[in-house]
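**Q** any chance you can model this:
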Amino acid sequence: MAVTRMSCGRCNVAIEAAFPMSRLGGLPVEHQRFIEMFVLAGGNLKEIAEQVGVSYPTVRSRLDKVIESLRGEIGKTQRVKGTVLDAVSGDATAARPAAADAARLIKGI
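**A** Now for the predicted structure:
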């Protein structure tokens, strides 16, 4: 699903467009909730395990699944294919991007 309409209930103004969704918004709800718990616990997996009543390895496994899912979402929207080094390297006959272009690629990741 995609968000295509936003409206204000107070003034009845509506805008229709193709609104982008955040990468986190593309994750399953259970992954989003885990990320909320992770942030609120300051990244302390032991604290999450105690709060939820499960073992540390169970929480760590869940984090690994969230990371894998988020990497998949990032892969869907990533503009540069391969590594940054692949993007800025080339053969001797190809023109190499300037340092500023390489810095822009790194910042875009």
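
**Q** when you work out contacts or count neighbours from here on, use the C-alpha atoms and nothing else.
**A** Will do.

**Q** got the confidence number for the most centrally placed residue in the chain?
**A** For the chain, the residue sitting closest to the mean C-alpha position, by Cα atoms, centre = their mean, is R23 at 4.2 Å. pLDDT for R23: 88.

**Q** how far away is the nearest residue to it once chain neighbours are set aside from D64?
**A** Using Cα to Cα, 6 or more residues apart in numbering and skipping the chain neighbours, the partner closest in space to R23 is E73 (5.8 Å). E73 is 14 Å from D64, where distance means Cα to Cα, to the nearest Å.

**Q** any idea how far the residue nearest to R23 is from A17?
**A** 22 Å.

**Q** give me the more crowded residue out of these two.
**A** Per other Cα atoms under 10 Å, whichever of E73 and A17 has more neighbours is E73, with 17 against 10.

**Q** helix or strand for the more buried one, which one?
**A** Using DSSP states H and E, E73 maps to helix 56-77.

**Q** with I106 instead?
**A** helix 99-108.

**Q** show me what counts as buried in that helix.
**A** Using 16 or more other Cα atoms under 10 Å as the test for burial, helix 99-108 gives A102, L105.

**Q** can you give the distance of that helix from its chain's centre?
**A** The chain centre lies 19 Å from the centre of helix 99-108; the measure is Cα atoms, centre = their mean, to the nearest Å.

**Q** cool, thanks, signing off.
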